[in-house]
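K.L.:
I would like the atomic coordinates for the input below:
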Amino acid sequence: MADTTTSIQTTETLEEDDDDDEWEYVEFESLSEADVVKSEWLVGTNFDKTSDKIDETWCRLVTNEKGENLAIWGDNSEGKWNLDKASQYLTISKTQLWGKKIWACIVDDYYYLSGSVRSWSFISAADSIGQWQARRLGVDKDEAGIAPWFEEDDEGDEAEDGDKSPVPALTESNTSAEEPKSVF
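P.N.:
Below is the predicted model of the structure:
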């Protein structure tokens with residue numbers, strides 16, 4: 001029997017070679033602990049009690065020699081972190097002498113996180129105390145792209161085309177709109 005092979009030749013233009021230097025957005029199916037371990041995040045927290053102020057710090061997610069997931073915070077606090085792979089639910093805690101705070105979110109972006117903060121102490125029940133956003137540090141800003149909370153959604157584009165807007169129009173009694181605050 002004769003051995004035959006077929007080869008398909010492709011040609012590349014010089015333009016395609018130049019595209020190699022550009023970042024390409026790649027969507028991920030799901031993150032694993034390996035994607036999160038040794039990552040560092042700039043965290044902005046807006047606590048309900050001080051809604052006009054955003055507390056900024058950083059958090060590093062590491063593992064120790066025993067394999068425990070540790071969170072090291074920029075204010076010298078420590079805690080633990082956990083990523084549930086099946087649900088993509090990430091929790092990062094900060095342990096304090098009187099209780100614990102937990103930053104939690106569903107991971108839907110490799111570079112950005114956004115969720116709620118819960119707290120409990122020995123003298124009070126668990127309670128939701130604020131919201132937070134985080135940006136992964138140590139990556140190129142072009143690679144990370146625009147934060148999801150700054151992207152315009154498709155619904156906003158439809159409003160420009162004359163469709164119903166999900167945001168109510170300004171009235172004479174309310175003539176200004178306040179821009180949302182963010183750490184980024």
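K.L.:
lowest-confidence helix or strand of this structure?
P.N.:
helix 14-18 (a mean of 50; mean pLDDT, DSSP states H and E).
K.L.:
beta partners of Gly44?
P.N.:
Note on Gly44: beta-bridge partners by DSSP bridges are Glu56, Gln133.
K.L.:
so it touches Gln131, yeah?
P.N.:
No. Under the criterion of Cβ atoms under 8 Å, Gly44 makes no contact with Gln131, lying 9.3 Å away. Just so you know, the C-beta spots here come from the backbone N, C-alpha and C atoms, and that holds for glycine as well.
K.L.:
got the CA positions of stretch 141-156 in CSV?
P.N.:
Presented in CSV, the C-alpha positions along stretch 141-156 are these (Å, rounded to 0.1, in the frame of the first residue of the first chain):
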residue,chain,number,x,y,z
LYS,A,141,-4.2,46.7,32.2
ASP,A,142,-4.6,46.1,28.4
GLU,A,143,-4.8,42.3,29.1
ALA,A,144,-7.4,42.8,31.9
GLY,A,145,-9.6,45.1,29.8
ILE,A,146,-12.4,47.3,31.1
ALA,A,147,-13.9,46.4,34.5
PRO,A,148,-17.4,44.8,34.0
TRP,A,149,-19.0,47.6,36.1
PHE,A,150,-17.8,50.2,33.5
GLU,A,151,-18.9,48.3,30.4
GLU,A,152,-22.0,49.4,28.7
ASP,A,153,-24.6,46.7,28.4
ASP,A,154,-26.7,45.9,25.4
GLU,A,155,-29.9,47.3,27.1
GLY,A,156,-28.3,50.8,27.2
